[in-house]
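A.B. asks: Kindly return the folded structure for what I paste below:
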Amino acid sequence: MAITDEPRQKRNLIPLKKALERGGFGRTKAYKLIRKGKIIAYKMEGQTMVDADSIDAYHMTLPRIQPRT
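C.D. replies: Down below sits the predicted model:
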């Protein structure tokens, strides 16, 4: 992959361990969400890095529990 002069949006990457804390889920659930494309992850020098914004976007898709009347 070549480095270009094209402007790119900076990714908000965090290590998997911090992503688990931020997301409130475990490692198995995190990899399931990555496989399903619900959250975005990258490999950086052998370490899994997760796009923190994708965790927030995933949380926004969760259904709200409606109170009983």
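A.B. asks: From now on I want contacts and neighbour counts done on CA atoms only, so please keep to that.
C.D. replies: Will do.
A.B. asks: What are the contacting residues of the helix or strand containing residue 21?
C.D. replies: Using DSSP states H and E, residue 21 maps to helix 16-23. If you take Cα atoms under 8 Å, 6 or more residues apart in numbering as the criterion, helix 16-23 is touched by 26, 27, 30, 48, 49, 50, 52, 55, 56, 59.
A.B. asks: mind checking pLDDT for the fourth one?
C.D. replies: Among the per-residue scores, residue 48 shows a pLDDT of 97.
A.B. asks: can you confirm it is in a strand?
C.D. replies: Yes. Remark: residue 48 belongs to a strand, assigned using DSSP: H, G, I helix; E, B strand; the rest coil.
A.B. asks: contacting residues for it?
C.D. replies: 15, 16, 41, 42.
A.B. asks: Now do the buried residues in the helix holding residue 21.
C.D. replies: 16, 19, 20, 23 (16 or more other Cα atoms under 10 Å).
A.B. asks: Which of the contacts of residue 48 ranks first by neighbour count?
C.D. replies: The most crowded member of the contacts of residue 48, judged by other Cα atoms under 10 Å, is residue 41 (23 neighbours).
A.B. asks: Would you mind confirming that that residue is in contact with residue 52?
C.D. replies: No. Residue 41 lies out of contact with residue 52 (Cα atoms under 8 Å); the separation is 9.1 Å.
A.B. asks: which of the buried residues of helix 16-23 sit farthest apart?
C.D. replies: Spatial extent of the buried residues of helix 16-23 (Cα to Cα) is set by the pair 16 and 23 at 10.1 Å.
A.B. asks: what pLDDT, on average, does stretch 31-42 get?
C.D. replies: Here the average pLDDT along stretch 31-42 is 98.
A.B. asks: could you dump the helix holding residue 21 to PDB, C-alpha only?
C.D. replies: Output of helix 16-23 as PDB, limited to C-alpha atoms (Å, rounded to 0.1, in the frame of the first residue of the first chain):
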ATOM      1  CA  LEU A  16      -9.100  -4.100  21.600                       C
ATOM      2  CA  LYS A  17      -8.800  -4.100  25.400                       C
ATOM      3  CA  LYS A  18     -10.100  -0.500  25.600                       C
ATOM      4  CA  ALA A  19     -12.700  -1.200  23.000                       C
ATOM      5  CA  LEU A  20     -14.100  -4.000  25.200                       C
ATOM      6  CA  GLU A  21     -14.400  -1.500  28.100                       C
ATOM      7  CA  ARG A  22     -16.000   1.100  25.900                       C
ATOM      8  CA  GLY A  23     -18.400  -1.300  24.300                       C
END
